[in-house]
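*Asks:* coords please:
(chains A, B, C and D)
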4 protein chains.
Amino acid sequence: MAIVLGPNQYGKAETRVVRIYRDAAQHQIRDLNVSTVLRGDFAAAHTHGDQANVLPTDTQKNTCFAYASKAGVAEIEAYALSLARHFADDIEPVSQARIEVEEYAWERATVGGAEHPHTFVRSGQDVRTTAVTVAGRGPAQQAWVVSGLRDLVVLKSTGSEFAGFLTDRYTTLPETHDRVLATSLTARWRYADPAEPAAWDAAYAQVRQILLEQFAVVHSLALQQTLYEMGRAVLTARPDVAEIRLSAPNKHHFLADLAPFGLRNPGEVFYAADRPYGLIQAVAQRDDAPEPGPAWDSAAVFG
Amino acid sequence: MAIVLGPNQYGKAETRVVRIYRDAAQHQIRDLNVSTVLRGDFAAAHTHGDQANVLPTDTQKNTCFAYASKAGVAEIEAYALSLARHFADDIEPVSQARIEVEEYAWERATVGGAEHPHTFVRSGQDVRTTAVTVAGRGPAQQAWVVSGLRDLVVLKSTGSEFAGFLTDRYTTLPETHDRVLATSLTARWRYADPAEPAAWDAAYAQVRQILLEQFAVVHSLALQQTLYEMGRAVLTARPDVAEIRLSAPNKHHFLADLAPFGLRNPGEVFYAADRPYGLIQAVAQRDDAPEPGPAWDSAAVFG
Amino acid sequence: MAIVLGPNQYGKAETRVVRIYRDAAQHQIRDLNVSTVLRGDFAAAHTHGDQANVLPTDTQKNTCFAYASKAGVAEIEAYALSLARHFADDIEPVSQARIEVEEYAWERATVGGAEHPHTFVRSGQDVRTTAVTVAGRGPAQQAWVVSGLRDLVVLKSTGSEFAGFLTDRYTTLPETHDRVLATSLTARWRYADPAEPAAWDAAYAQVRQILLEQFAVVHSLALQQTLYEMGRAVLTARPDVAEIRLSAPNKHHFLADLAPFGLRNPGEVFYAADRPYGLIQAVAQRDDAPEPGPAWDSAAVFG
Amino acid sequence: MAIVLGPNQYGKAETRVVRIYRDAAQHQIRDLNVSTVLRGDFAAAHTHGDQANVLPTDTQKNTCFAYASKAGVAEIEAYALSLARHFADDIEPVSQARIEVEEYAWERATVGGAEHPHTFVRSGQDVRTTAVTVAGRGPAQQAWVVSGLRDLVVLKSTGSEFAGFLTDRYTTLPETHDRVLATSLTARWRYADPAEPAAWDAAYAQVRQILLEQFAVVHSLALQQTLYEMGRAVLTARPDVAEIRLSAPNKHHFLADLAPFGLRNPGEVFYAADRPYGLIQAVAQRDDAPEPGPAWDSAAVFG
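*Replies:* Here you go, the predicted structure:
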């Protein structure tokens, strides 16, 4: 029996890159949180402290800024692909580079009824995400693109039931045929073929809208059902999406008990609880989806 | 010399009250975080552990829910006033009641181009606030209303300078005539006379819009100047506002140094820093404003 | 009626200064979060954007680092006093300087039973704080020192009651004669005379220990009583303390209801709730305490 | 091509269970954050909203409390195993149950030099963790136990270098032979055979101490090297550990530039940065380690 080095990776996490486009009278802004991960031949750094193969994380940070200028940030997926390809192509010991980006949206401020050319209000809704992985170099180079969103907080004040569930000796929950359903949605979808570049911004907007619409129109018998219908609708609308993963905390809203005070509460006054929360997770996929490879191996995989 | 009990107060903090209005086909939602504070004759609880004058914080929580039903939450200021008046009127040992409310805004989800009747997306922009204080009972009862917002994150990509400042031996900052200016604004304004009820929702919307517009249109020589112009514009537009307090972290965006890589950076690529940050605070007020009394004594005053 | 500039202040918040002492074989570390606030003649910056009197917050940050070298960080109160005196003495438009410091404690790592000379583990218990204000210059200069701690999380598993309280129509809470009492304590005490320098580290350690001991030994009929006994004990032991302010969220631990499962729960299994929480605040002071002046006017006073 | 349901799971996240042992004069406390995850035959809930196989997350929460009484919380791994076995054994549609537990440590308060019998101070250092998975029932039932810690914040003020690294055109970082090395360590180790019950508390204490000692005594040429030596030392000392995963943000401490102020800075004054940070991750394992199975499939695997 021997002790050996297993999988390993390193990078620079959470570089806050802001790119302003000021060529036109209407400025544009892309506000990013970028993490880089390198995988490859770094054994000697672990076993002997030999850094000869280790590109400093400080350099990776510099590269994030340089590419925001050189490659630009027209769309986060394109920016991440250019960064990942650079590390895979140009840094000898790197066999695989992963770039994860979060984007914070800004809206234009409205002044006197018109959009102001250079003033923005942070939108504060969901954070848009992407995770791009590039492996190898030359003709054999492969790439994977996962796009997504997190923290899309949605609520429906009716149209949700929870009944007919399995019970055991620890079950005290009553059935309900009308409850508040609320969640803070995380969704991540994997593109089948990143070589066929999507219009990434448009794809994000479409998927987001489908998720919202399904949440609204599906009469929910279970959060599981709502999630699956969301996923199915995205795959139906987007043939370029191979798989979508959905994670949804059930943000419980409990009916306040007003009976002791002689008051009725017909679904009007709720207590919004923090913890614990249900956590429902599901994947919808095509049965002929290509293998995911390292698409889902995150920057924090060992954390 | 004797050791004595000084000021004291107690209450229930952060009760998460959600009120749904479902009378019409279009549901409405008010999503609140409510804190109650009681001041009065509670010395015996401190000196002898005698609770005879102490209304439990659990009861205060119950009351928040009951009043969301009884009084409703048409506007947070009105809801807070009704709660505060109840405690001041009906709980014998209470000489002063303060209610602080945060409100999280929700937008209607759009489905097929139309607003969905019962599905909402949390807006995620600024949190609306109010702090209401009621003292005494009967004809001598007084009330103070402070309304506000926090976490309104705004950025302008040009139209901001910082030059001509005082320097000393520790100054290394260069002057700039074009920088990114960004902040996460907190504003709180005190109404001159809460007996003359404002249309609270409309007042909030108007003040918020004025703050945004001033941030946009003032060519900023200093964040101090921007704040003061914001405050002045609010007081000019709203004769019922006696005073406005503004607090603005300067969310620094530093130009990335790309020169080592042979790249120009004409105000395009920035590093958004977390800490430290400048913190600029100013009050604009009428010179004939009535005394604030306990209007600014917060629920966390001793914290 | 005119609109005028009211109180205002500005500074650099949350500069993370770490000072290592490496003169001896046993290194020492002081790990600080420093905020500076300047008050004075800054009207023109607000009304005309004229910065001539404004020392940049970037300079204030530089000064924090320079003084960690020049003045050192033997004790945070002494460091803060030297910084505040510098701003008050040397920066012409400044009439009042306030320095707030948080300190994160580190313990020495133990290796082979002995303390390691240069390896530390962050202690993670309470954060030590100070807030120093210096006004004026020359012989008339005055100073105020408030020291404190926050986030001291304590719990007693018995020795706490809550009964005999005031009830009204919204009261449903039963009385209890044995409950879990837990809080995350914030305490701040004002020294009567900062010209008579305390042994600041020793004073902090003593006050902290008194607070802990009183929490333990007082049989609690109310959290109010516990707080007041804490305060009284500190003032009794430390003649140099004029006043102490205590703020304590009641971190509720609710007995889990196991009866539906045929299990008894004699004070053994609890649900630890996040929100809402009771918030109890009290001041203990000497009846001949000197006026506090600006001692309690915080860096975030308008926030 | 068809759209199908992929992997899915659900459970109750973050139930805050506190267990007091009060049989002896010296009370004991175990303070837990428990998440349950069920995997199995839940397809109909997704595709048809049919809950017949779905044990409510509310029931899972109840079970966490009931087992804290019935099974007790002598050690978190044992508690988690009993919960996981219950779900796998007794709930028909469940094929796999996973229980994740975080434990917050408390120290006894010292009063008059002696440990107080029922007063505790939260230790605030690392959070202890476990993740237990049980699959199947009857003789074929299998179990996996991963134990760990997170947020162990350590710093060494010397004994760390970073030099000889790979450079490219984006590299500006100078080499250093004496720097501050600090991290907030996450470590998780997988036991080879949970059927052979470890003394879990003792194992945790031993692994934690080894991690600390290696951090201290290894002269670090790279954080990678430090991590690997930590892992190797754990595997050497504990034959029952098959694998250990380490994740370490490099909490950068940058030397403050005091040269503009005519001050030297021989490794004494540092700026502690928040973001970005290096993130170094590595696995040390036995070359004959059994397959991990679902040991690493977390409660948030799709999040």
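*Asks:* what does the stretch 51-200 of chain A put close to chain C?
*Replies:* Residues of the stretch 51-200 of chain A found near chain C (C-beta under 8 Å from any C-beta of the partner chain) are A:169-170, A:172. Yep, even glycine has a C-beta here, placed from its N, CA and C like the rest.
*Asks:* and stretch A:80-94, which residues are buried?
*Replies:* A:80-88, A:91, A:93-94 (16 or more other C-beta atoms under 10 Å in any protein chain shown).
*Asks:* which single one of the residues you listed is nearest to residue B:155?
*Replies:* Distance to residue B:155, by C-beta to C-beta, is smallest for residue A:80 among the buried residues of stretch A:80-94, at 23.0 Å.
*Asks:* against which helices or strands is the host helix or strand of the closest one packed?
*Replies:* For residue A:80, the host element (DSSP states H and E) is helix A:76-90. Packing partners of helix A:76-90 (3 or more C-beta pairs under 8 Å, 6 or more residues apart in numbering or on different chains; DSSP states H and E): strand A:28-40, helix A:57-70, strand A:94-104, strand A:127-135, strand A:142-156, helix A:200-217.
*Asks:* let me have the ones you listed in TSV, extended by mean pLDDT.
*Replies:* What follows is these, written out as TSV (pLDDT from 0 to 100):
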stretch	mean pLDDT
strand A:28-40	98
helix A:57-70	98
strand A:94-104	98
strand A:127-135	98
strand A:142-156	97
helix A:200-217	98
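*Asks:* wait, which of these is closest to residue C:233?
*Replies:* Nearest of the helices and strands packed on helix A:76-90 to residue C:233, taken as C-beta to C-beta: strand A:142-156 at 46.0 Å.
*Asks:* what helices or strands is the closest one leaning on?
*Replies:* Contacts defined by 3+ C-beta pairs under 8 Å, 6+ apart place strand A:142-156 against helix A:76-90, strand A:127-135, strand A:181-191, helix A:200-217, strand B:114-122.
*Asks:* okay if I get these as a markdown table plus distance to residue B:74?
*Replies:* Below are those laid out as a markdown table (distance: least, C-beta to C-beta, whole Å):
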| stretch | distance to residue B:74 |
| --- | --- |
| helix A:76-90 | 42 |
| strand A:127-135 | 33 |
| strand A:181-191 | 22 |
| helix A:200-217 | 25 |
| strand B:114-122 | 18 |
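*Asks:* can I assume residue A:160 is in contact with residue A:179?
*Replies:* Yes - under the criterion of C-beta atoms under 8 Å, residue A:160 makes contact with residue A:179 at 5.1 Å.
*Asks:* the strands in the stretch 151-300 of chain A, which residues?
*Replies:* Secondary structure of the stretch 151-300 of chain A, counting by DSSP state E, counting those that start in this stretch: strands at A:181-191, A:241-250, A:253-255, A:269-272, A:277-286.
*Asks:* residues contacting the spatially closest residue to residue A:76 that is not a sequence neighbour?
*Replies:* Spatial nearest neighbour of residue A:76, chain neighbours left out: residue A:101 (4.6 Å); criterion: C-beta to C-beta, 6 or more residues apart in numbering or on different chains. Residue A:101 makes contact with A:32-35, A:76, A:79-80, A:129-131, according to C-beta atoms under 8 Å, 6 or more residues apart in numbering or on different chains.
*Asks:* pipe those into CSV and attach distance to residue B:271 per row.
*Replies:* Shown next, in CSV, are those (distance: C-beta to C-beta, whole Å):
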residue, distance to residue B:271
A:32, 11
A:33, 12
A:34, 11
A:35, 15
A:76, 17
A:79, 16
A:80, 18
A:129, 20
A:130, 20
A:131, 22
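*Asks:* got a quick ChimeraX command for the buried subset of the residues you listed?
*Replies:* Buried members of those, defined by 16+ other C-beta under 10 Å, are picked up in ChimeraX with:
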select /A:32,33,34,35,76,79,80,129,130,131
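*Asks:* which one of the contacts of residue A:101 is nearest residue A:279?
*Replies:* Lowest distance from residue A:279 to the contacts of residue A:101 (C-beta to C-beta) belongs to residue A:129, with 18.7 Å.
*Asks:* tell me the contacts of that closest one?
*Replies:* Shown in contact with residue A:129 (C-beta under 8 Å, 6+ apart): A:100-103, A:147-150, A:188.
*Asks:* if we use 6 Å, what do you get?
*Replies:* Applying C-beta atoms under 6 Å, 6 or more residues apart in numbering or on different chains to residue A:129 gives the contacts A:102, A:148.
*Asks:* how near is it to residue D:132?
*Replies:* Distance of residue A:129 to residue D:132, given as C-beta to C-beta, to the nearest Å: 30 Å.
*Asks:* same question for residue A:38.
*Replies:* Counting by C-beta to C-beta, the gap between residue A:38 and residue D:132 amounts to 33 Å.
*Asks:* these two: which has the busier surroundings?
*Replies:* residue D:132 (27 against 24; other C-beta atoms under 10 Å in any protein chain shown).
*Asks:* now the more buried one. Nearest residue, chain neighbours left out?
*Replies:* residue D:80 (3.9 Å).
*Asks:* show me what the helix or strand containing residue A:17 is packed up against.
*Replies:* Per DSSP H and E: residue A:17 is located in strand A:15-21. When contacts are defined as 3 or more C-beta pairs under 6 Å, 6 or more residues apart in numbering or on different chains; DSSP states H and E, strand A:15-21 packs onto strand A:28-40, helix A:57-70, strand B:269-272.
*Asks:* out of those, flag the one nearest residue A:210.
*Replies:* Going by C-beta to C-beta, the one of these nearest residue A:210 is strand A:28-40, 23.5 Å.
*Asks:* okay, the helix or strand just after the closest one in PDB with CA atoms only?
*Replies:* Next in sequence after strand A:28-40, counting helices and strands by DSSP H and E, comes helix A:43-48. The C-alpha coordinates for helix A:43-48 follow below in PDB (Å, rounded to 0.1, in the frame of the first residue of the first chain):
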ATOM      1  CA  ALA A  43       2.500  16.700  -9.100                       C
ATOM      2  CA  ALA A  44       5.900  18.000  -8.400                       C
ATOM      3  CA  ALA A  45       4.400  21.100  -6.700                       C
ATOM      4  CA  HIS A  46       2.700  18.800  -4.300                       C
ATOM      5  CA  THR A  47       5.400  16.200  -3.700                       C
ATOM      6  CA  HIS A  48       8.500  18.500  -3.800                       C
END
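*Asks:* neighbouring contacts of helix A:43-48?
*Replies:* With contact meaning C-beta under 6 Å, 6+ apart, helix A:43-48 is reached by A:5, A:50-51, A:54, D:222, D:224, D:228, D:282.
*Asks:* can you tell me which two in those residues are farthest apart?
*Replies:* A:5 and A:51 (15.5 Å).
*Asks:* now residue A:95. Nearest residue, chain neighbours left out?
*Replies:* With sequence-adjacent residues excluded and distances taken as C-beta to C-beta, 6+ apart, residue A:95 is closest to residue A:40, at 4.2 Å.
*Asks:* oh, I was asking about residue A:77
*Replies:* Using C-beta to C-beta, 6+ apart, the nearest residue to residue A:77 is residue A:200, at 4.1 Å.
*Asks:* which non-adjacent residue is nearest residue A:136?
*Replies:* Nearest one to residue A:136, counting by C-beta to C-beta, 6+ apart, is residue A:142 at 6.1 Å.
*Asks:* okay, now the one you found: neighbour count?
*Replies:* For residue A:142, using other C-beta under 10 Å, the count is 14.
*Asks:* for residue A:52, same thing?
*Replies:* Neighbour count for residue A:52, taken as other C-beta under 10 Å: 11.
*Asks:* quick check, pLDDT for whichever residue of the stretch 101-250 of chain A sits closest to chain D.
*Replies:* At 2.7 Å from chain D, residue A:221 is the closest residue in the stretch 101-250 of chain A, using C-beta to the nearest C-beta. pLDDT recorded at residue A:221 is 97.
*Asks:* so it touches residue D:49, yeah?
*Replies:* Yes - because the distance of 2.7 Å satisfies C-beta atoms under 6 Å, residue A:221 is recorded as touching residue D:49.
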